[in-house]
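Q: please work out how this folds:
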Amino acid sequence: MKTKVSFVCQSCGFQTPKWMGRCPSCGEWNTLIEEVVEEESSPGLSLTTSAPVLYGEIKEVTQQRIQTGINDFNQVLGGGIVKGSLVLIGGEPGIGKSTLMLQISRDLASHQKKVLYVSGEESLEQIKLRGERLGLRQEKIYFFSETILERILQAVENLSPEILILDSVQTVYSSQLTSSPGTISQVREVANRIFRQAKAREMATFLIGHITKEGTLAGPKSLEHIVDVVLSFEGERDHSYRVLRVLKNRFGPVSELAIFEMSEEGLKSVENPSAFFLRERPGHEPGSVVVCTLKGTRPLLAEIQALVSSSLFLGNPRRMTVGLDRFRAAMLMAIVEKKLGYSFAGEDVYLNVAGGLAIEEPAADLGILLAVVSSVKNRALPPEVAVFGEIGLSGEIRSVTQPGLRIKEAASLGFKTLILPQGNKNALTQEKRAGIELIGVKDVRQAIKLFF
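A: Numbering: from 1, shown residues only. Here you go, the predicted model:
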């Protein structure tokens, strides 16, 4: 009998019977790998008959959540770990994924939860060394160094753990498939069978995934559809902080954020992220503006820095951004030229969010504009002033969401004046003004006249 083969793209999962140099689906080169087509049905599947049910006849189920010792981690998950949930955590190598999960295991075991930690990348001796550094003593955590899926499922059958941690999903493979570990078919098979075990046993499961050089989770996009929660663990190697953000959550809000600081004893929660990112801010330097931004439901103060200098490349001046959308920054500089009369011809413009933080929301527009003008005029804004507001193409300053949270955060850090859209100021009640001076502005000209 002739073996059937298929060529599968390791980037997007596209399948074709013939080899191609470039994937027609995602456009990546040399990602099609030959895999044997498996015709056997997946074990553990039972065909049962069921009938459609009316909405009113569906039984109500309360989500039972398990609390960890890290409050920020509970908040990111929407209030705690849901029993039977499947959580995917992705991050670059060495960012601290294994350290975080080992700390979570320690906290869960201290609350009498049975934890099974499966490591496919490290030996038990290596885990022991990290555990000593993190302060693990006699916690009841079961460790298993294994990469064969069937043996892992047998260990789950024998121990019946409440929490399963798989580090990492790319190293585990099924002996029933002939393809290599880490390929699309193996990752999909491992995730599907772990998913069925998690739901059948109400076992909360964490899968640790690798990050590709493009910054996306390795494996097919279908893996992100299988799991209930997708977490991204980010940070710069040159900075001590780490950011845990949620990209998908079936049990809570998305875009939540938790900030940790890496230390010798492991990861520690940053109780006041705004003070953490502003702790080294210069007092009276031109081009420095503090903006009130939101990360999920958490308000955060960040420093935006701008530097405008004469360009050595007269025909093509540079526009460099770090932590900001460069296309939106270019649009804001065009507004400055058109509405305020400044010219950036022959000027290099550099924009940076201090501390390595990334800001995506448009509420930082006003901060970017003021920072650029401050650098051009070489005049600093008062250090006790913070701003937020979205800017339209006609120069108007538009209202943003959750102004009350932003005002409260700025007041808690000692800022005395807050520049915000006039629409947000008019909509605020007296209770939400937080004892800070609020100055509403309608357009960019009015905002510039306040300081320059």
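Q: contacts for the helix or strand hosting Phe195, please.
A: Counting by DSSP states H and E, the element that carries Phe195 is helix 184-201. By CB atoms under 8 Å, 6 or more residues apart in numbering, the surrounding residues in contact with helix 184-201 are 8-10, 13, 35, 38, 42, 44, 84-86, 149, 153, 156, 160, 164, 166, 169-170, 172-174, 176-177, 179-180, 203-205, 207, 219-220, 222-223, 226-227. Backbone N, C-alpha and C define where each C-beta goes, glycine included.
Q: now it: how far from the chain's centre is it?
A: Distance, stretch centre to chain centre, for helix 184-201: 23 Å (CA atoms, centre = their mean, to the nearest Å).
Q: may I see the buried residues of that helix?
A: 184-198, 201 (16 or more other CB atoms under 10 Å).
Q: of the contacts of helix 184-201, buried ones?
A: Counted by 16+ other CB under 10 Å, the contacts of helix 184-201 give 8-10, 13, 35, 84-86, 149, 153, 156, 164, 166, 169-170, 172-174, 177, 179, 203-205, 207, 219-220, 223, 226-227 as buried.
Q: so which of those residues belong to strands?
A: Mapping those onto strands (DSSP state E) picks out 8-9, 35, 86, 164, 166, 204-205, 207.
Q: can you add pLDDT and give those back as TSV?
A: Shown next, in TSV, are those (pLDDT from 0 to 100):
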residue	pLDDT
Val8	83
Cys9	83
Glu35	77
Leu86	94
Leu164	96
Leu166	94
Ala204	95
Thr205	96
Leu207	94
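Q: closest to Arg250 out of those?
A: Closest approach to Arg250 among these (CB to CB): Leu86, at 9.6 Å.
Q: the closest residue to that closest one other than its chain neighbours: what's it in contact with?
A: Nearest residue to Leu86, sequence neighbours excluded (CB to CB, 6 or more residues apart in numbering): Val227, at 4.5 Å. Contacts for Val227 (CB under 8 Å, 6+ apart) come out as 86-88, 191, 195, 207, 248.
Q: how near is Val227 to Ala198?
A: To Ala198, Val227 is 10 Å away according to CB to CB, to the nearest Å.
Q: so what's Asn221 scoring on pLDDT?
A: No Asn there; residue 221 is Lys. With respect to pLDDT, Lys221 scores 59.
Q: ok, now the one 4 residues further on?
A: At His225, the pLDDT value in this model is 84.
Q: who's Glu261 bridged to?
A: Beta-bridge partners of Glu261, counted by DSSP bridges, are Tyr241, Lys268.
Q: what strands line up against the longest strand along the chain, and which way round?
A: The single longest strand within the chain, with elements called by DSSP E, is strand 298-310. Strand 298-310 has its sheet partners listed here by DSSP bridges as strand 288-295 (antiparallel), strand 347-353 (antiparallel).
Q: save these as TSV, and put in distance to Glu132, mean neighbour count and mean pLDDT too.
A: Formatted as TSV, the strands paired with strand 298-310 follow (distance: least, CB to CB, whole Å; neighbours: other CB atoms under 10 Å; pLDDT from 0 to 100):
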stretch	distance to Glu132	mean neighbour count	mean pLDDT
strand 288-295	34	25	93
strand 347-353	37	20	94
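Q: ok, which of the ones you listed comes nearest Ile419?
A: Of the strands paired with strand 298-310, nearest to Ile419 by CB to CB is strand 288-295, at 9.5 Å.
Q: could you dump that closest one to PDB, C-alpha only?
A: Extracted C-alpha coordinates of strand 288-295, given in PDB (Å, rounded to 0.1, in the frame of the first residue of the first chain):
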ATOM      1  CA  SER A 288       9.400  65.000  27.700                       C
ATOM      2  CA  VAL A 289       5.600  64.700  28.200                       C
ATOM      3  CA  VAL A 290       3.700  62.300  30.500                       C
ATOM      4  CA  VAL A 291       0.600  60.700  29.000                       C
ATOM      5  CA  CYS A 292      -2.300  58.900  30.700                       C
ATOM      6  CA  THR A 293      -2.900  55.700  28.800                       C
ATOM      7  CA  LEU A 294      -4.900  52.500  29.400                       C
ATOM      8  CA  LYS A 295      -3.600  48.900  29.300                       C
END
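Q: okay then, goodbye and thanks.
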